[in-house]
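Colleague: Here's my sequence, what's the structure:
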Amino acid sequence: MNDPMPSIPLERFVLTAEDQRAADQAAVARGVPEIELMESAGRSASDWILDHLAPSRVAVLGGPGGNGGDGLVVSRLLAEAGIEVRTFLLQEAEQMSRAAGVMLERLHDVGERESLVEDGAFDEVESALAWGDWVVDALFGSGVTRPLAGRYRDVVERLNAARSRVVSLDLPSGLASDQGEIFGDVVRATVTLAMAFLKPAHLFFPASGLCGNVAVVSVAYPPDILSSIRPRARVAEQAGVGRRLPGRRQDGHKGTFGRVLVVAGSVGMAGAAILCCRAALRAGAGLVTLAAPASINAVLAKALPEATTVSLPDEEGHLAGIGDPRFSQALARADVVAIGPGLSRAPATGAAVRELVSRFGGPILLDADGIAAFKESVVELRSANAPVLLTPHPGEFGELVGRSSDEVDADRLDAAGSFAREFGLTLLLKGRPTAIGLPDGTVYLNPTGNTGLATGGSGDALTGLIAGFVAGGATLEDAAILGAYVHGWTAEVYARDQAERSLTPSDLIDLLPTVLREVESWS
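Modeller: Model (predicted):
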């Protein structure tokens with residue numbers, strides 16, 4: 001059998017239910033029978049269960065389709081490994097798929113028998129739920145399109161009420177594969193074993209909150225199975241993230257590791273500029289220059305001894321232009337420009353931002369008020385002379401495209417990919433999960449982070465982090481993927497020993513040296 005996953009995967013693919021069916025059909029067309037796919041899926045799942053959970057008694061709940069067939073393979077292989085297994089089917093054998101029927105015969109061949117669960121007769125199931133130390137949920141996989149009903153709903157209600165430890169195969173039964181919404185009774189899984197590919201529901205809230213810990217197990221798809229299918233999205237793995245981290249020449253100097261120009265800050269918002277610059281320095285930038293309104297320059301210079309500062313024309317504490325000769329010199333030397341943290345939405349500020357974007361020929365990061373400068377002229381982004389990255393939260397993106405933040409959140413995957421492709425730029429749409437659209441329409445979903453990031457200043461640190469990686473040699477696209485992952489991972493590392501809710505952006509920046517040392521080992 002062919003294993004489609006490399007020994008150290010660089011990324012995982014996210015498929016819709018339709019994509020999954022197309023992958024199965026393509027595998028069969030390439031000579032891999034459905035029964036072989038089912039056997040390999042069940043074997044990978046049972047191997048994972050034996051290796052990671054060490055169960056002694058397992059109850060398996062099987063449905064009528066392919067997911068139920070996978071569960072029957074798990075029943076057989078666990079029994080062969082010496083585990084006590086009790087198998088329950090919610091559909092008579094005659095109503096099962098052909099491949100699942102074959103797996104039932106193979107279960108019988110090793111001396112195991114199943115019990116049929118009929119409407120209203122749940123005593124035996126409830127007894128098994130209390131008896132087993134783990135329950136395998138193999139009722140439904142990615143094909144669910146409507147709420148569970150009848151005996152399926154009743155069994156799921158009893159399973160959840162029993163508070164059993166549950167391993168769901170592919171998806172917790174009752175979840176729709178392609179969305180984050182929950183529309184009926186759903187199994188609350190402890191672990192979900194995704195079959196070869198992630199699904200949108202594994203990543204989007206609130207559905208992902210019912211998946212528990214998600215692990216991807218291999219299935220015997222041909223290695224080129226995705227050649228005729230465009231994956232819905234991708235998720236970078238740690239090895240892929242590590243390879244995006246810019247290298248460090250041992251004979252390098254501050255010019256080697258890049259110059260970041262940050263245009264940020266306004267009266268009352270100096271902190272945003274400071275956080276952005278500190279994060280860029282922690283990311284490894286050789287030189288960081290902060291250009292800000294003249295009235296706050298003294299405060300910024302004192303707070304940032306490692307950076308240089310440039311005063312810009314000022315109107316009541318807001319940026320009023322970029323006509324300073326020192327700024328022109330800094331702009332000419334810059335390898336990347338980050339624009340927006342705490343900058344304000346004053347009309348003169350917006351005009352200055354648009355002029356700056358039209359002038360600079362290198363990578364540009366637009367965040368917060370830098371994005372707002374294009375609210376009435378988004379088409380101007382098409383004519384930028386350099387690669388552009390936008391890093392909005394849903395509200396900011398909604399303002400840009402004339403949609404509510406709720407509408408953006410409900411369609412964040414499509415929104416990121418289609419907007420990035422239409423305007424030929426990179427879009428990092430913040431949220432859970434953060435969706436990163438690349439200029440060709442490819443979308444990466446970021447799997448890291450926690451609630452500690454839901455605080456003012458977190459996005460300013462992210463902007464600086466990405467800018468620092470670009471200065472060090474990463475492409476804008478790679479820096480966006482890398483920055484989002486490291487930003488979220490740092491929050492997770494912090495929460496190993498301290499409460500998520502206590503995380504501040506300064507804590508995050510201070511923890512970066514430890515985290516980046518870890519990231520350096522991933523490649």
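Colleague: And P231, how far from L77?
Modeller: 29 Å (C-beta to C-beta, to the nearest Å). Yep, even glycine has a C-beta here, placed from its N, CA and C like the rest.
Colleague: If you count surrounding residues, which of the two has more?
Modeller: When neighbours are counted by other C-beta atoms under 10 Å, P231 and L77 differ, and L77 comes out ahead with 22 against 19.
Colleague: Just name the shakiest helix or strand of the chain by mean pLDDT.
Modeller: strand 114-116 (a mean of 86; mean pLDDT, DSSP states H and E).
Colleague: Starting from it, tell me which strands it pairs with and how they run.
Modeller: Note on strand 114-116: by DSSP bridges, its sheet partners are strand 84-89 (parallel).
Colleague: And the average pLDDT for the strand it pairs with is what?
Modeller: Taken as a whole, strand 84-89 has a mean pLDDT of 94.
Colleague: returning to what we had before: which residues touch the least confident helix or strand of the chain?
Modeller: Residues from elsewhere that reach strand 114-116, judged by C-beta atoms under 8 Å, 6 or more residues apart in numbering: 62, 72, 75, 86-90, 92, 104, 107, 124.
Colleague: Test my guess that L365 contacts L389.
Modeller: Yes. Taking contacts as C-beta atoms under 8 Å, L365 lies within contact range of L389: 5.0 Å.
Colleague: The closest residue to G255 other than its chain neighbours: neighbouring residues, count only.
Modeller: Spatial nearest neighbour of G255, chain neighbours left out: G286 (6.0 Å); criterion: C-beta to C-beta, 6 or more residues apart in numbering. By the criterion of other C-beta under 10 Å, G286 has 18 neighbours.
Colleague: before we move on, what about the one 5 residues further on?
Modeller: Here the count is done by other C-beta under 10 Å, and A291 has 28 residues near it.
Colleague: and it, how far is that from I322?
Modeller: Per C-beta to C-beta, A291 is found 8 Å from I322.
Colleague: quick revisit: list the buried residues of the least confident helix or strand of the chain.
Modeller: Within strand 114-116, the residues scored as buried using 16 or more other C-beta atoms under 10 Å are E114.
Colleague: tell me the domain ranges of the protein?
Modeller: 11-231, 241-520 (automatic domain parsing).
Colleague: For H318, see how far away the residue nearest the centre of the chain is.
Modeller: With distances taken as C-alpha atoms, centre = their mean, the residue of the chain nearest its centroid is N446 (2.4 Å). As defined by C-beta to C-beta, N446 lies at a distance of 33 Å from H318.
Colleague: Y485 is in contact with the residue nearest to the centre of the chain, correct?
Modeller: Yes. The criterion here is C-beta under 8 Å, and N446 meets it with Y485 at 5.8 Å.
Colleague: what residues are shared contacts of the two?
Modeller: A236.
Colleague: Roughly how far does T391 sit from P505?
Modeller: With C-beta to C-beta as the criterion, T391 and P505 are 14 Å apart.
Colleague: what about these two, which has more around it?
Modeller: Legend: neighbour count by other C-beta under 10 Å for T391 and P505, higher for T391 (30 against 25).
Colleague: Quick check: pLDDT value at that one.
Modeller: pLDDT, T391: 98.
Colleague: So it sits against I364, correct?
Modeller: No. T391 is not in contact with I364 according to C-beta under 8 Å; the separation is 11.2 Å.
Colleague: Can you pull out the low-pLDDT segments for the chain?
Modeller: By pLDDT under 70, the low-scoring segments of the chain are 1-8.
Colleague: Buried residues, stretch 268-287. List them.
Modeller: 269-287.
Colleague: Same check on stretch 161-168?
Modeller: By neighbour count on 16+ other C-beta under 10 Å, the buried set for stretch 161-168 is 162, 164, 166-168.
Colleague: Starting from the least confident helix or strand of the chain, tell me the next helix or strand along the chain.
Modeller: helix 123-131 (DSSP states H and E).
Colleague: and that next one, what other elements does it pack with?
Modeller: strand 57-62, strand 84-89, helix 150-161 (3 or more C-beta pairs under 8 Å, 6 or more residues apart in numbering; DSSP states H and E).
Colleague: How about the contacts made by I371?
Modeller: By C-beta under 8 Å, 6+ apart, the neighbours of I371 are 340, 390-392, 396-397, 400.
Colleague: which of the contacts of strand 114-116 count as buried?
Modeller: Listed as buried from these are 62, 72, 75, 86-90, 104, 107; burial here means 16+ other C-beta under 10 Å.
Colleague: Determine which two of those are furthest apart.
Modeller: Greatest spatial distance among those (C-beta to C-beta): L90 and L107, at 15.6 Å.
Colleague: how about the closest residue in space to A303 that isn't next to it in sequence, what does it touch?
Modeller: Nearest residue to A303, sequence neighbours excluded (C-beta to C-beta, 6+ apart): I274, at 5.0 Å. I274 makes contact with 265, 300, 303-304, according to C-beta under 8 Å, 6+ apart.
Colleague: In the host helix or strand of E422, which residues are buried?
Modeller: According to DSSP H and E, E422 maps onto helix 412-423. Within helix 412-423, the residues that count as buried by 16+ other C-beta under 10 Å are 412-413, 415-421, 423.
Colleague: who's in contact with it?
Modeller: Outside helix 412-423, the residues that reach it (C-beta under 8 Å, 6+ apart) are 200, 204, 232-233, 378, 381-382, 388, 394, 397, 401, 408, 426-427, 429, 431, 435-443, 445.
Colleague: of those, buried ones?
Modeller: By 16+ other C-beta under 10 Å, the contacts of helix 412-423 give 200, 204, 232-233, 378, 381, 388, 394, 397, 408, 426-427, 429, 431, 435-439, 442-443, 445 as buried.
Colleague: Where helices are concerned, which of the residues you listed count?
Modeller: Cross-referencing the buried ones among the contacts of helix 412-423 against helices under DSSP state H gives 394, 397, 408.
Colleague: Nearest residue to the last one in space, ignoring adjacent ones along the chain?
Modeller: By that I understand V408. Nearest one to V408, counting by C-beta to C-beta, 6+ apart, is P394 at 4.2 Å.
Colleague: Distance check, the one you found against P447.
Modeller: Distance of P394 to P447, given as C-beta to C-beta: 19 Å.
Colleague: what's the host helix or strand of L508 packed up against?
Modeller: Here L508 sits within helix 505-520, counting by DSSP H and E. For helix 505-520, the helices and strands in contact under the criterion 3+ C-beta pairs under 8 Å, 6+ apart are helix 238-244, helix 270-282, helix 458-471, helix 476-494.
Colleague: if I've got this straight, V219 is in a helix?
Modeller: No. Assigned with DSSP: H, G, I helix; E, B strand; the rest coil, V219 falls outside any helix and is coil.
Colleague: what sits against it?
Modeller: Contacts for V219 (C-beta under 8 Å, 6+ apart) come out as 4, 37, 40-41, 44, 195-196.
Colleague: Run a quick neighbour tally on the spatially closest residue to it that is not a sequence neighbour.
Modeller: In this structure, V219 finds its nearest non-sequential neighbour in A196, 4.1 Å apart by C-beta to C-beta, 6+ apart. Using other C-beta under 10 Å as the criterion, A196 is surrounded by 25 other residues.
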